[in-house]
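# okay, predicted coordinates and the sequence, questions at the end:
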Amino acid sequence: MQSALKPEVFPNCTATLPIKIRSGTKSRQTWPRLRVGRGETYIQEPPFFDGFGMEAGSISEISAHDRWECSAIRDDRPHFAGRRDQAGLAGGPLPRREGVEQADFNSYGSRRGNDRVMTRGTFANVRIKNLMVPGTEGGVTSHQPDGEAMDIYDAAVKYRDEGTPLVVVGGKEYGTGSSRDWAAKGTRLLGVRAVICESFERIHRSNLIGMGVLPLQFHDGIGVSSLRLNGSETHDVLGLDDELKAQQELTVRITRADGASEVVPVRCRIDTDIEIEYYRHGGILSYVLRQLVAKG
């Protein structure tokens, strides 16, 4: 450090800093000239603001299919920042569409600016266990109602094309780990509307709301095992409307493949009034943008 860190280094680094951070007409005109091509593999424009409008949406009930049922999901398993599996699906858009060699795949963390890569990496951890596909590990699920086993990303695309919203059912301390921001972003981009589990890791719960995903918590003693869920069920979240309150008690109607149904109590884990507003706006990004535009 002593051989490299010398006083003359700092003037060289800071000489152009005022130019880089100066606000004004000239610098504002510079940003629109920056273009990101479709072939860029490290940064892409994510779809978070597609269809954006100034009116916040309404809060309404959710009718969704199970997509995964897990006894416990760590946050670094919904999305981890490590080396990407070169043979896995997450590498798909790079070699097939962009011509990137396997040696240059790099890590998920390095490509966190490319939503197409990061969405494919969500729930793709090789250690994750989906109870809908017993005896397997990794990002695999069972598409319903046909029961076909497939990669989670492929199933999410198929559900999206079918117009089917999705729900994740998990266990205790759902979301514990690292990689918190993309664990929530990827969940949203895969089409998940709600996560129902026995308990949440504190920050991941907040991040789900920030991405417009509803966190719901089973009452004590209720969970995947006690309900004997296998993933073929549909879930209707009842009691959701524009009068939603923080930590409101709601119900989930679970309908099984044979038509039998039961109603299960859950607690809405939107814990504060401002989180209600984030959820009403479809997430914190749209909320903040609407606030900025409204202020002119």
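Arrived safely, thanks for sending. Numbers count the residues shown, from 1 in each chain.
# list of residues touching stretch 259-273?
Taking contacts as C-beta atoms under 8 Å, 6 or more residues apart in numbering, the residues outside stretch 259-273 that touch it are 196, 200, 205, 209, 214-219, 222, 227, 237-238, 244, 246-255, 276, 279. Every residue, glycine included, has its C-beta placed from N, CA and C.
# one more time with 6 Å, if that's ok
205, 209, 215-219, 246-248, 250-255, 276, 279 (C-beta atoms under 6 Å, 6 or more residues apart in numbering).
# quick one: the closest residue to residue 147 other than its chain neighbours from residue 142, how far?
Among residues not flanking residue 147 along the chain, residue 232 sits closest, at 7.8 Å (C-beta to C-beta, 6 or more residues apart in numbering). Applying C-beta to C-beta, to the nearest Å, the value for residue 232 to residue 142 is 8 Å.
# residue 198 now?
22 Å.
# could you do residue 136 as well?
Where residue 142 is concerned, residue 136 sits at a distance of 10 Å (C-beta to C-beta).
# of those two, who's got more company?
residue 142 (24 against 15; other C-beta atoms under 10 Å).
# which helix or strand contains that one?
Counting by DSSP states H and E, the element that carries residue 142 is strand 140-143.
# next secondary structure after that strand?
strand 148-151.
# what packs against that next one?
strand 140-143 (3 or more C-beta pairs under 6 Å, 6 or more residues apart in numbering; DSSP states H and E).
# can you give me the buried ones in the strand it packs on?
By 16 or more other C-beta atoms under 10 Å, the buried positions in strand 140-143 come out as 140, 141, 142, 143.
# packing partners of that strand?
Looks like strand 140-143 contacts strand 148-151, helix 152-162 (3+ C-beta pairs under 6 Å, 6+ apart).
# let's see that with 10 Å instead.
strand 62-69, strand 148-151, helix 152-162 (3 or more C-beta pairs under 10 Å, 6 or more residues apart in numbering; DSSP states H and E).
# residue ranges with poor pLDDT in the stretch 51-200 of the chain?
65-98, 179-180 (pLDDT under 70).
# does residue 217 count as helix, strand or coil?
Put simply, residue 217 is strand when judged by DSSP: H, G, I helix; E, B strand; the rest coil.
# what is it paired to in the beta sheet?
For residue 217, the beta-bridge partners under DSSP bridges are residue 197, residue 267.
# what's the neighbour count on it?
19.
# next one: the one 10 residues further on
The burial count assigned to residue 227 is 17, neighbours taken as other C-beta under 10 Å.
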